[in-house]
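# from the sequence below, what's the structure:
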Amino acid sequence: MSGQQIELAINGRFMHQSVTGVQRVARELTREIDHLVSTTHRQFRVRLICRSGTDVGDLNLRSIDVQYVPGPRNSFWEQIFLPFAVGRATLLCLGNTAPFALMARRRSVALVIHDVSYRTFRNAYRLSYRI
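Numbers count the residues shown, from 1 in each chain. Predicted structure coming up:
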């Protein structure tokens, strides 16, 4: 695998959501991935894919490229617009949700599930979120 770049795309939907615990973890993991790529894991090419107009300045990224994709500021961006931008990269979703289309096509997607409250407290979540 020497000399070959590994492509990773980070689902940046968390960047245009209110910062709660999930978004804070996603931001910190993104910063740490950036640090690792810039210091020791240069074989990775990492992109943070965000909705157009998203401010990522507070992440202070050094090695992660930011790709802006137009679309609405809701889950439709993630489900409809994001999959087209991913290309052949592995998609890393740090905020509980991922594009269904990529998973259905058995594309390489890593998903962080922070808790399973959507199963325990079903009535607190919309059906579309639970699915």
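
# quick check: longest strand of this protein.
strand 44-51 (DSSP state E).

# just the CA trace of that one, in CSV.
Provided in CSV are the C-alpha atoms of strand 44-51 (Å, rounded to 0.1, in the frame of the first residue of the first chain):
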residue,chain,number,x,y,z
PHE,A,44,-4.7,9.9,3.9
ARG,A,45,-6.4,12.4,1.8
VAL,A,46,-9.3,13.8,3.9
ARG,A,47,-12.1,16.1,2.9
LEU,A,48,-14.7,17.6,5.2
ILE,A,49,-17.8,17.9,3.1
CYS,A,50,-20.1,20.7,4.3
ARG,A,51,-23.2,22.6,3.1
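
# adjacent strands (with direction) for it?
strand 6-11 (parallel), strand 65-69 (parallel) (DSSP bridges).

# list the contacts of the longest one.
Yep, that's strand 6-11 we're talking about. Strand 6-11 is contacted from outside by 30, 33, 43-49, 64, 67, 78, 82, 85-95, 98-99, using Cβ atoms under 8 Å, 6 or more residues apart in numbering. Where you see a C-beta, it was placed from the backbone N, CA and C, and this is true even at glycine.

# list the buried residues of the longest helix belonging to the chain.
Longest among the helix segments of the chain by residue count, using DSSP state H, is helix 21-39. The neighbour-count check on helix 21-39 (16 or more other Cβ atoms under 10 Å) flags 22-23, 26-27, 30-31, 33-35, 37 as buried.

# where does the protein dip in pLDDT?
Applying pLDDT under 70 to the chain flags the ranges 1-3, 129-131.

# which one of the strands paired with strand 44-51 lies closest to R119?
Among the strands paired with strand 44-51, strand 6-11 comes nearest to R119, with 21.6 Å by Cβ to Cβ.

# tell me the angle the longest helix of the chain makes with strand 44-51.
If you take axes from the mean of the first three to the mean of the last three Cα atoms, to 10 degrees, helix 21-39 sits at 140 degrees to strand 44-51.

# related to what we said a few turns ago, just put the strands paired with strand 44-51 in TSV and tack on distance to F121 and mean neighbour count.
Formatted as TSV, the strands paired with strand 44-51 follow (distance: least, Cβ to Cβ, whole Å; neighbours: other Cβ atoms under 10 Å):
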stretch	distance to F121	mean neighbour count
strand 6-11	24	21
strand 65-69	32	15
